[in-house]
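[1] Sequence and predicted model, in that order:
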Amino acid sequence: MGIEGVGARVARKEDKRFITGAGRYVDDMVVPGMKHAAFVRSPYAHAQIKKIDVKAAQAMPGVIGVLTGKEIKADGIGNLICGWMIHSKDGTPMKMGAWSPLAFDKVRYVGDAVAIVVADTKGQARDAAEAVEVTYKELKSVTDASKAMNKGAPQIHPEAENNLIFDWDIGNADETEAAFKKAAHVVEMDIVNNRLVPNAMEPRAALGHYDKAEDHYTCWTTSQNPHVARLVMSAFYNVAPENKLRVIAPDVGGGFGSKIYIYPEEIVCLWASKKTGVPVKWVADRTESFLTDAHGRDHHSHCAMAFDKDYKILGFKVETKANLGAYMSLFSSATPTYLYATLLSGQYDIPAIHANVKAIYTNTAPVDAYRGAGRPEAAFNVERMLEVSARKFGISPAELRRRNFITSFPHQTPVIMNYDAGDFGASLDAAMKAADYDGFEKRRQKAKKAGKLRGIGFSCYIEACGIAPSAAVGSLGSGVGLWESAEVRVNAVGTIEVLTGSHSHGQGHETTFAQLVAQRLGVPIDQVSIVHGDTDKVQMGMGTYGSRSGAVGMSALSKALDKVEAKARKIAAHLMEADESDIVIENGACKVAGTDKNVPWFQVALAAYTAHNLPGGMEPGLKETAFYDPANFTFPAGCYICEVEVDPETGQTQVIQFVAADDFGNIINPMIVEGQVHGGVAQGIGQALLEGAHYDDSGQLLTASYMDYTMPRADDLPSFQVSTTSTPSPSNPLGLKGCGEAGAIGSPPAVINAITDAIGTEDITMPATPQKVWAALRASARN
Amino acid sequence: MSEVSLVVNGRRVGGTVEDRTLLVHFLREHVGLTGTHVGCDTSQCGACVVHVDGKAVKSCTMLAAQASGSTVVTIEGLADGAELHPVQAAFKEHHGLQCGFCTPGMIMTATDMIRRHPEGLDEATVREELEGNICRCTGYHNIVKAILAASKTMARSKGKAASKAKKAA
């Protein structure tokens, strides 16, 4: 692997700027003449806008302009859209209501943007926003998805009767019914996947700059996918044609899905810049982020699993209600469908599966993909069912899983996915060993003597990543292809720039992408620069989400390197008068295999650009581009074991140990991979124990600050024990599977399975706060 | 309006600011030191931690006017020229950061924590002392590791310096 190549634990190149305070985030950008924006937002969950009076605000100190929804509509700026078409089981297309970037007739959730104020300072903009007088007629609102479907519930969009966006099916209902008829055992359970707020530490921000001289717009924005932002703002929102719109996502302080989507604010800042004639910057405060960032999860499911007499799974039935909030966010329809129900087979050989998903509008913030996106919901359903079933049957949770594991590949599940590689037994074995599972009973007894309840829980998750083959997702309703692009520019003196459509917002691409180049060409990573996040520099790309940068983005880089190497070999062969097939590239030189003849890499590059002595007919230069469209999803999988101790007096749960054994296929940088697992597991433990977004009955978000929404802090978590097993992905040239989401997908069921093991009742919902655990203990003691 | 004058990273800076200007906004917008970040509105996240007169302070909890006359060190002033502070170096070596947004506050908190615990640190103490700093990327695992490592490095170099001084005396 070499000291900097694939597989090496290389310290990150990008760290220097972050640890010295030299990172450049959107809020750090300053453009000459720049002014500041504040949004006027609805205090009501559901209301008609009767009148907006901006006179008083316009007269406030420093105010440059106050703009409303009527004006944005008059200027032809389009509504926000959902880019993934889902058809209901009756064949009708999903019922998408209109989402204007600034509401002009009706507001549908607390935080809905109504007007923008632009002023000299941030403080003045906020003061003036307070002075915008909006007259509302409050309407009845609903925040609970089940209640929203009831007759007589408030109607949120005229397009969606009973607030039902789609009623979608996957799998075979008849076969699943038949499986249940012949079952020896059936286990049923209601399962809630709690609503979460992603909470990247950098709040969303946008800086819009309209350049009158060039009739051109630049948008600095906190985006995971700037090219998609440009495409959507251009093609659907009529902000500007693509050649007149540059989108830059500089250093971005975490995303976790919430920065995939194009939100009203960046559209409005660009438009407002043209209207007011000044560059307009908006930065969310934390409460704005809580109110308006796309939330995650919020599923209510009923699950039933059928087993034969030997506890082999025969069938799985799932009915899910998915709360999509007040508007359909960009990929909101894909999350509770193709990213969720396609993983309901888990790691198990299940002959028949049927799932029904109803997506529902409510008067809450839009809900979309959050780290894991659908797959945590699937894993939670499957892994809770397995654990609870094992307890009912009186066999060990590990044994029930082993009995049902898929053991040969490829394996076609009844819900679309074709698992191409895996070894589920290997990760289960590794995790049990690391957790000293055999010693658990002793530890439980010891804890009991100290008055504490110990529990241990498993989770054998699988996910589908590297999203995804374009033709496949197109056939399932995606409005875009999900390939990735890369360009390798070898400069005349041999240094290298890699331009990628992937975007790093913490993942460390500037290091890992350079490691692949170092591996292939033998040049030090310091000679390799990774360029990303700017539509003017990088050709079209699709961005980073779904753990795809390695499997898809680096595969594109690998393809581009193939082309660079092929040309370099030709040049070197010509320079050394050798046969092209004898040229090998290693240690920063092109060598004639089996001899000591070589041309250093920089001389090959120089020859390409001086073009004094190239093979006949060859074009000068050494720069190649590739687009890579994946052949399949990748299937990271693993086993997580969590051990907890519950204090029965207080209901407080302490995570004693957390073991992760993941199969990510090949790995570029183990240090970075471990970091991704740590972070994902922390978010999953957060979901299981601490986090939850709560609206009151009038639609006010009760958890809209860090005083109210419990973020995991250092003293809530243990150090983690992480390790990997490996079955390389056969579906991409590098054998990578992706590691960004696994931790958040696999960990919640492990934690809840451990708590329920400790307290002896299954009746607990996430987050398992001390109050809930205490109440569950008391209730089960009464029964 | 308030007149403020303070020393930031060894340089005297000052000016007239709105009374409501927080120290963090003064540093970011008036002095142009954007390494100090704002991650929340409620003094919970710790992305804005700087040192005021040698102590870690959330710069969103202090008015610029209150800091007038003080000596402030921000993340930009922590390294000794091109040489990283041991805490900065440890964060890099132990992968104690991912997106980098909470990192300046984490490093400033950690530096102060190590100073206040000359007896050394253990994992439980580090985790408890990080109560005021939120990170969403790392799960804290490598941050804790980095702080423990930096604490040891700094104790060693302090020991070396002390024995050198003793010899010289």
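    Here it is on my side, so go on.
[2] where's residue 124, which helix or strand?
    Just so you know, I chose chain A. Following DSSP states H and E, one finds residue A:124 within helix A:122-131.
[3] The intended chain is chain B.
    With DSSP H and E as the test, residue B:124 turns up in helix B:123-129.
[4] quick one: average pLDDT of the helix or strand following that helix?
    Toward the C-terminus, helix B:123-129 is succeeded by helix B:141-168 as the next helix or strand (DSSP H and E). Mean pLDDT, taken over the full extent of helix B:141-168, equals 90.
[5] What is the distance between helix B:141-168 and the centre of its chain?
    If you compare the mean C-alpha spot of helix B:141-168 with that of the full chain, they lie 17 Å apart, counting by C-alpha atoms, centre = their mean, to the nearest Å.
[6] what does stretch A:673-685 give?
    Distance, centroid of stretch A:673-685 to centroid of chain: 13 Å (C-alpha atoms, centre = their mean).
[7] residues in contact with that stretch?
    Surrounding stretch A:673-685, the residues in contact under the criterion C-beta atoms under 8 Å, 6 or more residues apart in numbering or on different chains are A:256, A:371-372, A:376, A:507-508, A:640, A:655, A:658, A:660, A:662, A:664, A:667, A:712, A:716-717, A:720, A:722, A:724, A:739-748, A:751, B:95, B:98, B:136-142. Glycine gets a C-beta too; all of them are placed from N, C-alpha and C.
[8] follow-up on the earlier one: could I have the CA atoms of the helix holding residue B:124 written out in PDB?
    Written as PDB, here are the backbone C-alpha positions of helix B:123-129 (Å, rounded to 0.1, in the frame of the first residue of the first chain):
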ATOM      1  CA  GLU B 123     -11.000  10.000  30.000                       C
ATOM      2  CA  ALA B 124     -13.900  10.600  32.400                       C
ATOM      3  CA  THR B 125     -12.600  14.100  33.300                       C
ATOM      4  CA  VAL B 126     -12.100  15.100  29.600                       C
ATOM      5  CA  ARG B 127     -15.600  13.900  28.800                       C
ATOM      6  CA  GLU B 128     -17.100  15.800  31.700                       C
ATOM      7  CA  GLU B 129     -15.100  19.000  30.900                       C
END
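[9] Quick check: buried residues in that helix?
    Applying a neighbour-count criterion of 16 or more other C-beta atoms under 10 Å in any protein chain shown, one finds B:125-127, B:129 buried in helix B:123-129.
[10] before we move on, back to that, for the helix holding residue A:124, packing partners?
    Taking 3 or more C-beta pairs under 8 Å, 6 or more residues apart in numbering or on different chains; DSSP states H and E as contact, the helices and strands that helix A:122-131 lies on are strand A:35-41, helix A:55-58, strand A:63-68, strand A:113-119.
[11] Deepest-packed of these, please.
    By mean neighbour count, with neighbours taken as mean count of other C-beta atoms under 10 Å in any protein chain shown, strand A:113-119 ranks first of these at a mean of 26.
[12] Say whether chain B is contacted by that one.
    No - counting by C-beta under 8 Å from any C-beta of the partner chain, no contacts exist between strand A:113-119 and chain B, the nearest distance being 13.0 Å.
[13] Could you tell me which strands sit next to that strand in the sheet, and their orientation?
    Here the strand partners of strand A:113-119, with direction, are listed using DSSP bridges: strand A:35-41 (antiparallel), strand A:63-68 (antiparallel).
[14] could those strands be laid out in JSON lines, adding distance to residue B:105?
    Shown next, in JSON lines, are the strands paired with strand A:113-119 (distance: least, C-beta to C-beta, whole Å):
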{"stretch": "strand A:35-41", "distance to residue B:105": "23"}
{"stretch": "strand A:63-68", "distance to residue B:105": "33"}
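[15] Of the ones you listed, which is nearest residue A:399?
    Proximity to residue A:399, assessed across those by C-beta to C-beta, is greatest for strand A:35-41 (53.6 Å).
[16] how distant is the helix or strand just after that closest one from the center of its chain?
    Using DSSP H and E, the helix or strand that directly follows strand A:35-41 along the chain is strand A:47-53. Put simply, strand A:47-53 sits 36 Å off its chain's centre (C-alpha atoms, centre = their mean).
[17] quick one: strands adjacent to strand A:47-53?
    Strand A:47-53 pairs in its sheet with strand A:106-107 (antiparallel), strand A:133-138 (antiparallel), by DSSP bridges.
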